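Engineer: quick check, what structure comes out for this input:
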Amino acid sequence: GEYQVILGAASGHQALQLNLTTKNERLREFFQNRDVRIAISIGVDREAINELVFDGLLTPRQYSPLSTSPNYYPTLSEAYIEYDPDRANELLDAAGYERGADGMRVFNDGSGEVITFSIEGTATAGSNDEDAVQQVVRYLADLGLSASYKALERALYTEHYQANEIEAAWWGGDRTVLPLAAPIIFIGTQPDRPWCPAWSYFRTDPTDPAAEEPPEGHWIWEIWRIWDELAKEPDPATQNEMFTQILDIWAEELPMIGYLGESPAPIIVKNGFRNYLPDFPVDDVTGDEHLLHTETYFWEEPESHTLS
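Structural biologist: Okay, the predicted model is just below:
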């Protein structure tokens, strides 16, 4: 074959975005409850999904910079990832979302209506991503939460998040190698990872029909304040320190819930091509081409690779 296959590390994550700005007011209150988000994180067995769906090849972690990133931050990567269904149920109970006669939890407004929400995404039936989200749906059912996954064609998915007509989504978060070069998921301005699309549009274009100003004092204002200061800071070391403050907010609040990440990325390298090294990350910021330090690449026999 005259080539070798080496492994890089993909930047994406298996992640759940609960829309904190959904138009469904009762779901909005539910999703904006920090303890609910923590429960939905620790109520899912990451190790089991990793073994069942991915043959144990991924790493249980929150959405966060990769371990090879200069911004790697275990405080976030390891936040609320231990499987603890008892604690998850305690948190949901304490938040006032009690189980009804059928074992499913109901809204805390006295209506007796079951908490139900739809998770939308582009992962199709039979794919690993779809298998993973279906496992998450099963764990949510064990917690008394009625969720379902709906696969959509990309254009329809886009239409839904652009209009903020989406309750939750399953879309892996990337941009985790050099997040300062593309912070849009971390600062909430990437609406196709719709953990806060209405606030996203307010930040990027307040005239957008779907835009909505965040509540006064909400922690997303602090994320934006830190980022605006960071964007003016010339010193890279100080920039990284400031970005850690944003990651601390993520570790505390879990704006979106990551389950698994750092999947191996097979890369075909032609024999005689030198200085492409194993474990290089694959990320959207590099056009998903995973080409780093290109100035160091060379051919062992360059004369065999010239254009005639």
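Engineer: what segments of the stretch 201-308 of the chain are helices?
Structural biologist: With helices called from DSSP state H, counting those that start in this stretch, the stretch 201-308 of the chain shows them at 219-230, 236-253.
Engineer: the stretch 51-200 of the chain too?
Structural biologist: Listed in chain order, the helices of the stretch 51-200 of the chain (DSSP H, counting those that start in this stretch) span 74-77, 85-94, 128-142, 154-162, 197-204.
Engineer: and the host helix or strand of N50, which residues are buried?
Structural biologist: Following DSSP states H and E, one finds N50 within helix 46-54. Buried residues in helix 46-54, counted by 16 or more other CB atoms under 10 Å: 46, 49-50, 53-54. In this view, the C-beta of every residue, glycine as well, is placed from N, C-alpha and C.
Engineer: now distance to Y63 and pLDDT too, for those residues, in a markdown table please.
Structural biologist: Below are the buried residues of helix 46-54 laid out as a markdown table (distance: CB to CB, whole Å; pLDDT from 0 to 100):
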| residue | distance to Y63 | pLDDT |
| --- | --- | --- |
| R46 | 13 | 98 |
| I49 | 15 | 98 |
| N50 | 16 | 98 |
| V53 | 18 | 98 |
| F54 | 16 | 97 |
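Engineer: where exactly do the strands run in the stretch 1-150 of the chain?
Structural biologist: Taking DSSP state E, counting those that start in this stretch as the criterion, the stretch 1-150 of the chain carries its strands at 3-10, 13-18, 59-60, 116-121, 146-151.
Engineer: single out the most deeply packed of the helices of the stretch 51-200 of the chain.
Structural biologist: Of all the helices of the stretch 51-200 of the chain, helix 197-204 has the most neighbours on average by mean count of other CB atoms under 10 Å, namely a mean of 22.
Engineer: returning to that earlier point: which one of the helices of the stretch 51-200 of the chain lies closest to I246?
Structural biologist: When the helices of the stretch 51-200 of the chain are compared by CB to CB, helix 74-77 sits nearest I246, at 9.5 Å.
Engineer: what is that closest one packed up against?
Structural biologist: With contacts taken as 3 or more CB pairs under 8 Å, 6 or more residues apart in numbering; DSSP states H and E, helix 74-77 sits against helix 236-253.
Engineer: 10 Å - rerun?
Structural biologist: In terms of contacts (3 or more CB pairs under 10 Å, 6 or more residues apart in numbering; DSSP states H and E), helix 74-77 is packed against helix 236-253, strand 257-261.
Engineer: of the ones you listed, which stretch is the most buried?
Structural biologist: strand 257-261 (a mean of 25).
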